[in-house]
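Student: Here is my input, please return the structure:
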Amino acid sequence: MEATRVTVDEIRERMNRGEDFYFVDTRNPTAWGEAETKLPGAIRIPADSVEEHLADVPRDRAVITYCT
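Tutor: The predicted structure follows:
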C-alpha cells in the first residue's frame, strides 16, 4: 500500500463524514516531550521504531501518522 499525504482539512472532512482513523504520533521523544499539543487517542511510536510495532497497528481502518 502506498502512503499518501493528507492535510488537516482533508482529515477533518473525512472525520465529519464518519470515517474512522488510527492516529500514530511518530515524533522523536524530545519533540514529543516538548510539544504543547498531543492528539487525544493517538498512540506514540517513534519513527525509528515503527517496524517493531507494526503488529500493534490495526488493519481495519486508515492509519494517519504525523511528526514534526
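Student: name the element Asp9 belongs to?
Tutor: In the assignment (DSSP states H and E), Asp9 maps to helix 8-16.
Student: Tell me where this protein has helices.
Tutor: According to DSSP state H, the chain carries its helices in the segments 8-16, 29-34.
Student: how far away is the residue lying closest to Arg27 once chain neighbours are set aside from Asp60?
Tutor: Of all residues beyond its chain neighbours, the one nearest Arg27 is Cys67 (4.9 Å), with distances taken as CB to CB, 6 or more residues apart in numbering. The C-beta positions use only the backbone N, C-alpha and C, and glycine is treated the same way. Using CB to CB, to the nearest Å, we find Cys67 at a distance of 23 Å from Asp60.
Student: If you count surrounding residues, which of those two has more?
Tutor: Neighbours were tallied for Cys67 and for Asp60 using other CB atoms under 10 Å; the higher tally belongs to Cys67 (12 against 6).
Student: if we can go back for a sec, can you redo the helices of the chain as CSV with distance to Gly41, mean neighbour count and mean pLDDT?
Tutor: Shown next, in CSV, are the helices of the chain (distance: least, CB to CB, whole Å; neighbours: other CB atoms under 10 Å; pLDDT from 0 to 100):
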stretch, distance to Gly41, mean neighbour count, mean pLDDT
helix 8-16, 12, 11, 93
helix 29-34, 15, 10, 86
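Student: This completes my enquiry, with thanks.
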